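**Student:** Got a sequence here, can you build the structure:
(one chain, ligands or ions: 2)
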Amino acid sequence: MNMMQRLSDVETQYSEEIVAMKKKRGSELVILTHHYQRQEVVSLNDFVGDSLQLAKNARDAEGAKYIVFCGVRFMAEAAEVLRRKNQVVIHPDPMSGCPLADYAPADGAEMAWEEITDVVDKDDVMPLVYMNSSAALKAMVGRNGGSVCTSSNTARAFQWAMKKRRVVFFLPDENLGRNTALSLGISPEQIAVWDPTEDHGGLTRDQISSAKVILWKGYCHVHTHFSTKDIQRAREKFPGCRVVVHPECPPDVVDASDGSGSTAYIVKQAEQAPAGSTLVVGTEVNLVSRLASEYEDKKIVALSRSLCPNMFRISIRKLRDSVASLPNPDKDKVVSLSDEVKGEAVIALDRMLSI
Ligand code: 13P
Ligand code: SF4
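**Tutor:** Ligands and ions are numbered 1, 2, ... in the order given. Just a heads-up that it's a prediction; the model follows:
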């Protein structure tokens, strides 16, 4: 089914206006859309991808003056950190944040870092930060010798960190950190959880000094929505199906699945599934619906319906308003970071690219 058929008259009009404005602006305008965006927004993209891919697309788009980023705040910030000097990054809805990223405010993480390194020598702890975090937190990690990682390269980043320092301090997704640590053979006893709502993260000095991995207590509600019961039901309903989930899902769900990996991995699984087979996918539902309509020769179904309301905030009207505002974008929609934050965040991003 063509998803564009579901558009109202006014949305169709906005869509046509965007197409016309894109034509007029040519290569000076680039529209980036994350995989979790609504179909009608994705259909207007110059590039669709995961957060890292899109930030690179922005930087590599020579000649692009205006980058309109349809995704959540931390993604638009990453594009702002990596952009070229003459580019402007515009976020059509500045309120489209990420609750997972919000679990770890930079000042709280800085305090935790001070407390942890009061117990373990600074040179023995490596901070690693998931892409799903503010630029300020990436800056704090960059300043302290650490790196960014995405769900595509978390295991590689852990291995890099463990070679360099005795303890890994991973923020802000506990499940991704635990799934990765367990997959690398780290035992559950060697993993401690830093709860920012408790004094000293709820940990004793002994627990901090004996841990190999310290995980920040944060999670993505879109991915913790899935349960092993969902997997059991899917296997009963679709005998012989393959179940793949995102590693932000709880460890028991990852364990019960047939495969787990990043957004890019999930897109590849859909592409590679044999015709006639059934793929059950545990991730954001807009991506699953789009994959289902893209590959009609296979059955691609959601493990359960789980929508990211922040991604959903970006509508075709907001995209149209941002594009129509050019060359004078609304100030509140222009992503802006201090030079200090950008300078330190880029160090952590560059470390990831070199790992
Ligand atoms: P990636 O684009 O890095 O895969 O992250 C998407 C996301 O928000 C996962 O919940
Ligand atoms: Fe954040 Fe989860 Fe939405 Fe991804 S799916 S943007 S981690 S809330």
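
**Student:** Show me which residues of this protein sit near ligand 1.
**Tutor:** Proximity of the chain to ligand 1 is confined to 50-52, 131-132, 150-151, 220, 248, 262-263 under the rule CB under 6 Å from any ligand atom. The C-beta positions use only the backbone N, C-alpha and C, and glycine is treated the same way.

**Student:** Between those residues, which has the least confident prediction?
**Tutor:** Lowest in pLDDT among those is Leu52, which has 79.

**Student:** Isn't that one up against Thr154?
**Tutor:** No. Using CB atoms under 8 Å, Leu52 is not in contact with Thr154; the gap is 11.9 Å.

**Student:** ok so, going back, tabulate the residues of the chain next to ligand 1 (a markdown table), appending neighbour count.
**Tutor:** Compiled in a markdown table, the residues of the chain next to ligand 1 are given as follows (neighbours: other CB atoms under 10 Å):
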| residue | neighbour count |
| --- | --- |
| Asp50 | 23 |
| Ser51 | 28 |
| Leu52 | 24 |
| Met131 | 24 |
| Asn132 | 27 |
| Thr150 | 20 |
| Ser151 | 26 |
| Cys220 | 25 |
| Glu248 | 27 |
| Ser262 | 22 |
| Thr263 | 22 |
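
**Student:** check these against ligand 2, which are close?
**Tutor:** Among the residues of the chain next to ligand 1, proximity to ligand 2 is found for 132, 220 (CB under 6 Å from any ligand atom).

**Student:** wait, which of the residues of the chain next to ligand 1 is closest to Asp230?
**Tutor:** Glu248 (14.9 Å; CB to CB).

**Student:** give the contact list for Ala181.
**Tutor:** By CB atoms under 8 Å, 6 or more residues apart in numbering, Ala181 lies in contact with 158, 168, 190-191, 212-213, 215.

**Student:** so which of the residues you listed is the most crowded?
**Tutor:** Within these, most neighbours by other CB atoms under 10 Å means Val168, with 28 neighbours.

**Student:** any idea how far ligand 1 is from it?
**Tutor:** Relative to ligand 1, Val168 is positioned 19 Å away (CB to the nearest ligand atom, to the nearest Å).

**Student:** measure that residue to Thr154 for me?
**Tutor:** Noted for Val168: a distance of 11 Å to Thr154, by CB to CB, to the nearest Å.

**Student:** Let me see the ranges of the strands in the stretch 251-355 of the chain.
**Tutor:** With DSSP state E, counting those that start in this stretch, the ranges of strands along the stretch 251-355 of the chain come out as 259-260, 278-282, 299-302.
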